[in-house]
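>>> coordinates for the following, if possible.
(chains A and B)
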Number of protein chains: 2
Amino acid sequence: MITVVKIGGNVIDSEELTESFCKDFAAMEGPRVLIHGGGVMATRLHKALGGEPKFIDGRRITDAEALKAAVMVYAGWCNKSLVAMLQKMGCNAMGLSGCDAGAITARRRPPLGGVDYGLVGDVTPESVNKQLITSLLNAGITPVFSAINHDGQGQLLNTNADTMASSIASALEAELVICFEKPGVLGPDGVIPSISESGFTALKEAGTVSGGMVPKIENAIKALKSGATSVRITSSSDLLSGGGTIISL
Amino acid sequence: MITVVKIGGNVIDSEELTESFCKDFAAMEGPRVLIHGGGVMATRLHKALGGEPKFIDGRRITDAEALKAAVMVYAGWCNKSLVAMLQKMGCNAMGLSGCDAGAITARRRPPLGGVDYGLVGDVTPESVNKQLITSLLNAGITPVFSAINHDGQGQLLNTNADTMASSIASALEAELVICFEKPGVLGPDGVIPSISESGFTALKEAGTVSGGMVPKIENAIKALKSGATSVRITSSSDLLSGGGTIISL
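Residues are numbered from 1 along each chain as shown, chains lettered A, B, ... in the order given. Here you go, the predicted model:
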């Protein structure tokens, strides 16, 4: 069974967390794939270069300059730092962005509700070059993906890392582990051990689950419906413990 | 026969040259590997981020901030832009830095003549993971290397792209094509079609060959002595024509 692990900005932005995460990831057994976001670093770089990062409802509008910053940070610094660290830990990591060997071809997002998100690509399970990833895994290589993809026509595209991770997990019929800054989905009594699709509806209605947690769980349910065999939402430090929230249909 | 092609800053810095080079490179026959530098972009980024690029005898002193800029530009923007463009042209390119799947492990350069070059790595033919590159080529994949490597201990290192290209060509016993901004090594009557090792000594003494051309030819001769089967120095627009200067022993 393949495990697909997604980490977010909180790991990337901290050298200490990156190192301890890499140690745990390297210690995992079986074939696995890592997908990382880039945290606040791309926004910071974009600003340092004189740009003005724009967001609508928390979603980045990616113009040419924002894309350049994202590619430099995600596909460059974050990706290669993670790979070098994993290599040190004995994990034969290979950093990839979607363009590399045609691993993932995204579809440029058409304007949605009158909003043009710019150079942003959407990824589905069908976008994923399953054969390539499988042959790398069979060769003992651990793919480490940045959330930068391309359209196959020479255009790089910024991508949502959660969607990318769930699409890869679906395509590979893998276990998906989504790491974020909390130990799982939190309820009044701490981490909720498991949430079913119907339970999710009830939790939303009760207001227990709200904000950024909603699309994370929606994305998890979508992954399960598209081929992923299991989804766990947890913190990076609980990668090996098995703790967190299991999402089920 | 494998061909190893190296391009420099003049191609990377021009969108037009990048596109026409990628078209030609994609049209080449047989297995091939591309190595690229990063041009002036890394220096520009380093300055924009408040750093002060330092050079001694034309060689960059790479401190932590300079390395970060180099990794972002070379391994990030330049590498992924080239790969996306090559994919568009029908070449199944895969962008790699030395850390990826342990492709190249560099040795951090010890202080030379009292000068500490910082986070710089030296690459030799023995640093090259020949088996990995060969198996990628056999799978129909064209590796595209940035001149960013690692030491295997978690440290990314900046590398001279010419040396990296000649080391890869030597390790693979390949033909090496070094592209730069001129159509070849220039003499009083235009491009010198071929230069032997002894001829090089005479040209140096006569002052016909000087400056940055000297280490380029020295590097070419070293490649031939270490396993490369041929070396041609030419411009990126003469990749397919076969024009330029052939270096021989």
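>>> I'd say A:A70 and A:I61 touch.
No - with contact defined as C-beta atoms under 8 Å, A:A70 and A:I61 do not form a contacting pair (11.7 Å). All C-beta atoms are positioned from the backbone trio N, CA, C, and that covers glycine.
>>> quick one, which of these two is more surrounded?
A:A70 (30 against 16; other C-beta atoms under 10 Å in any protein chain shown).
>>> report the buried residues of the host helix or strand of that one.
Here A:A70 is covered by helix A:64-70, with elements defined by DSSP states H and E. For helix A:64-70, the neighbour count (16 or more other C-beta atoms under 10 Å in any protein chain shown) marks A:66-70 as buried.
>>> how distant is that helix from the center of its chain?
19 Å (C-alpha atoms, centre = their mean, to the nearest Å).
>>> contacts for stretch A:48-58 next, please.
The contact list for stretch A:48-58 (C-beta atoms under 8 Å, 6 or more residues apart in numbering or on different chains) reads A:43, A:46-47, A:60-61, A:63, A:65-66, A:68-69, A:115, A:117, A:212, B:45, B:48-50.
>>> ok, back up a step: got the buried residues of helix A:64-70 as JSON lines, with pLDDT and distance to chain B columns?
JSON lines is the format used below for these (pLDDT from 0 to 100; distance: C-beta to the nearest C-beta, whole Å):
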{"residue": "A:A66", "pLDDT": "94", "distance to chain B": "13"}
{"residue": "A:L67", "pLDDT": "96", "distance to chain B": "9"}
{"residue": "A:K68", "pLDDT": "96", "distance to chain B": "6"}
{"residue": "A:A69", "pLDDT": "96", "distance to chain B": "9"}
{"residue": "A:A70", "pLDDT": "96", "distance to chain B": "9"}
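>>> and chain A, which of its residues are near chain B?
A:45, A:48-50, A:68, A:71-77, A:79-81, A:83-85, A:87-88, A:92-97, A:99-102, A:135, A:139, A:141, A:148, A:150, A:152-156 (C-beta under 8 Å from any C-beta of the partner chain).
>>> out of these, which are buried?
So, by 16+ other C-beta under 10 Å, the buried ones in these are A:45, A:49, A:68, A:71-77, A:79-81, A:83-85, A:87-88, A:92-97, A:99-102, A:141, A:148, A:150, A:152, A:154-156.
>>> residue boundaries of the helices in chain A?
With DSSP state H as the criterion, chain A has helices at A:9-12, A:15-27, A:41-48, A:64-70, A:79-88, A:130-138, A:161-171, A:197-206, A:213-226.
>>> and B:I233, which of those helices is closest to it?
helix A:79-88 (29.6 Å; C-beta to C-beta).
>>> okay, angle between that closest one and helix A:15-27 too, please.
Computed with axes from the mean of the first three to the mean of the last three C-alpha atoms, to 10 degrees, the direction of helix A:79-88 lies at 50 degrees from that of helix A:15-27.
>>> helix A:79-88 packs against which elements?
Contact partners of helix A:79-88 among helices and strands, from 3 or more C-beta pairs under 8 Å, 6 or more residues apart in numbering or on different chains; DSSP states H and E: helix A:15-27, strand A:32-36, strand A:93-96, strand A:142-146, strand B:148-150, strand B:156-158.
>>> how does it look with 6 Å?
Packing partners of helix A:79-88 (3 or more C-beta pairs under 6 Å, 6 or more residues apart in numbering or on different chains; DSSP states H and E): helix A:15-27, strand A:93-96, strand A:142-146.
>>> tell me the buried residues in the first one?
Of the residues in helix A:15-27, those buried under the neighbour-count criterion (16+ other C-beta under 10 Å) are A:17-18, A:21-26.
>>> who touches the residue in chain A that chain B sits nearest to in this structure?
Of all residues in chain A, A:G76 sits closest to chain B, at 2.2 Å by C-beta to the nearest C-beta. A:G76 makes contact with B:71-72, B:75-76 under the criterion C-beta atoms under 6 Å, 6 or more residues apart in numbering or on different chains.
>>> one step back: and of the buried residues of helix A:15-27, the nearest to B:D13?
Nearest member of the buried residues of helix A:15-27 to B:D13, counting by C-beta to C-beta, is A:T18, at 31.9 Å.
>>> now the closest one: how far from A:F200?
Going from A:T18 to A:F200 by C-beta to C-beta, to the nearest Å gives 31 Å.
>>> contacting residues around the worst-scoring helix or strand of chain A on mean pLDDT?
In chain A, no helix or strand scores lower on mean pLDDT, DSSP states H and E than strand A:59-61, which sits at a mean of 82. For strand A:59-61, contacts defined as C-beta under 6 Å, 6+ apart pick out A:54, A:117-118.
>>> inside strands: which ones of the residues you listed?
A:K54 (DSSP state E).
>>> quick one, which of the contacts of strand A:59-61 are buried?
A:117-118.
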